[in-house]
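I would like to see how this sequence folds:
(chains A and B)
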2 protein chains.
Amino acid sequence: MDNPEKSANRAETEVLVCVKCLRGLDAPEDGARPGQKLYDELIQREMPEGVTIRPMECLQNCDSGCSVAIRGGDARWTYVYGNFLESSHPDMLAEGIALYHETDDGLIPWRSRPEHFKRNCIARIPPVTKKEA
Amino acid sequence: MDNPEKSANRAETEVLVCVKCLRGLDAPEDGARPGQKLYDELIQREMPEGVTIRPMECLQNCDSGCSVAIRGGDARWTYVYGNFLESSHPDMLAEGIALYHETDDGLIPWRSRPEHFKRNCIARIPPVTKKEA
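Predicted structure coming up:
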């Protein structure tokens, strides 16, 4: 059940998709890189209000592309996830983004976290407000 | 040459050291993990004014620990670097932190970037102010 009051106060969520990612492949002749294709697919998915998908330059996770960073607000952990396939993963990624957006701290409960997120977390960055372990 | 005016306006730099990191080793009997040792070494180094070193819980870069995230201000890229050795790398890491702190955007010029930073960048996150590739 959604709590409208909580929802109104929820931080914006930004999803940064590396559109330069080649995912280890040669540069395609048609010019559309895997990262760009992932972005193009993702922006066609329905997203909760407050979620913005942005094309971004290299996130320097090139060995484990395609790469996506998810962040939002000073109180949430930022996550970098990798190894996305532009063809088969956009729906799963969209689900994960929606789950992240539901959180106050960026921590999707383990039980509901997509399996791909569990296995392909590249790194996470603490909230700005977090001052110690 | 340092520019005092620029220096005065420089954003604070935060260095987040994962103190839980085992660096692929078994948990040590004396209780001091590699990540904790790296933190303990690092805080003994001289740092420029405006740099804060913080102990942090898991940054989920466990396959490439020890791990450090460096960030500061809304206009700088955040970097996650990995594969630090607590015994031999603290001086080099301290140098790299000082170089990052000198920048407005978080991008240490390639020529002066420590070799370890070039080869062990796990990922980077764009500045909050960056809205597109």
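
Please list the residues of chain A that sit near chain B.
Taking CB under 8 Å from any CB of the partner chain as the test, the list of chain A residues beside chain B reads A:16, A:19-20, A:54-61, A:67, A:69, A:71, A:78, A:80, A:121-126, A:130-133. C-beta here means a position set from N, CA and C on the backbone, and glycine is covered the same way.

Buried ones among those?
In those, burial by neighbour count holds for A:16, A:19-20, A:54-56, A:58-61, A:67, A:69, A:71, A:78, A:80, A:121-126, A:130, A:133, counting by 16 or more other CB atoms under 10 Å in any protein chain shown.

thinking again about what came up before, restricted to helices, list the residues of chain A next to chain B.
Among the residues of chain A next to chain B, DSSP state H puts none in helices.

from those residues, which ones fall inside strands?
The strands, defined by DSSP state E, take in A:16, A:54-56, A:69, A:71, A:78, A:80, A:121-125 from these.

could those go into CSV alongside distance to residue A:86?
Formatted as CSV, these follow (distance: CB to CB, whole Å):
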residue, distance to residue A:86
A:16, 16
A:54, 17
A:55, 13
A:56, 15
A:69, 16
A:71, 21
A:78, 22
A:80, 17
A:121, 19
A:122, 17
A:123, 22
A:124, 23
A:125, 25
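
so who does the residue lying closest to residue A:64 once chain neighbours are set aside touch?
Spatially, and ignoring its direct neighbours in sequence, residue A:64 is nearest to residue A:82 (3.5 Å; CB to CB, 6 or more residues apart in numbering or on different chains). With contacts defined as CB atoms under 8 Å, 6 or more residues apart in numbering or on different chains, the neighbours of residue A:82 are A:61, A:64-68, A:120, A:122.

Let's test this: what are the backbone torsions at residue A:82?
Note on residue A:82: its backbone torsions stand at phi -130, psi -170 [degrees, to the nearest 10].

From the structure, what's the count of residues near residue A:68?
Around residue A:68 there are 29 other residues, counting by other CB atoms under 10 Å in any protein chain shown.

now it: how far from residue A:35?
Counting by CB to CB, to the nearest Å, the gap between residue A:68 and residue A:35 amounts to 9 Å.

Next, show the common contact partners of the two.
Contact with both residue A:68 and residue A:35 is made by residues A:17-18, according to CB under 8 Å, 6+ apart.

List phi and psi for residue A:34.
The main-chain torsion angles of residue A:34 are listed as degrees, to the nearest 10 and equal phi -50, psi -40.

Closest to the centroid, which residue in chain A?
In chain A, the residue lying closest to the centroid (CA atoms, centre = their mean) is residue A:70, at 4.0 Å.

which residues does that residue bridge with?
residue A:15, residue A:79 (DSSP bridges).

distance between stretch A:77-95 and the chain's centre?
Between the centre of stretch A:77-95 and the centre of its chain there are 6 Å (CA atoms, centre = their mean, to the nearest Å).

That stretch: which residues count as buried?
Those would be A:77-84, A:86, A:89-90, A:93-94, for stretch A:77-95 by 16+ other CB under 10 Å.

Quote the end-to-end distance of that stretch.
Criterion CA to CA, to the nearest Å; first-to-last residue distance in stretch A:77-95 is 18 Å.

Done for today, thanks.
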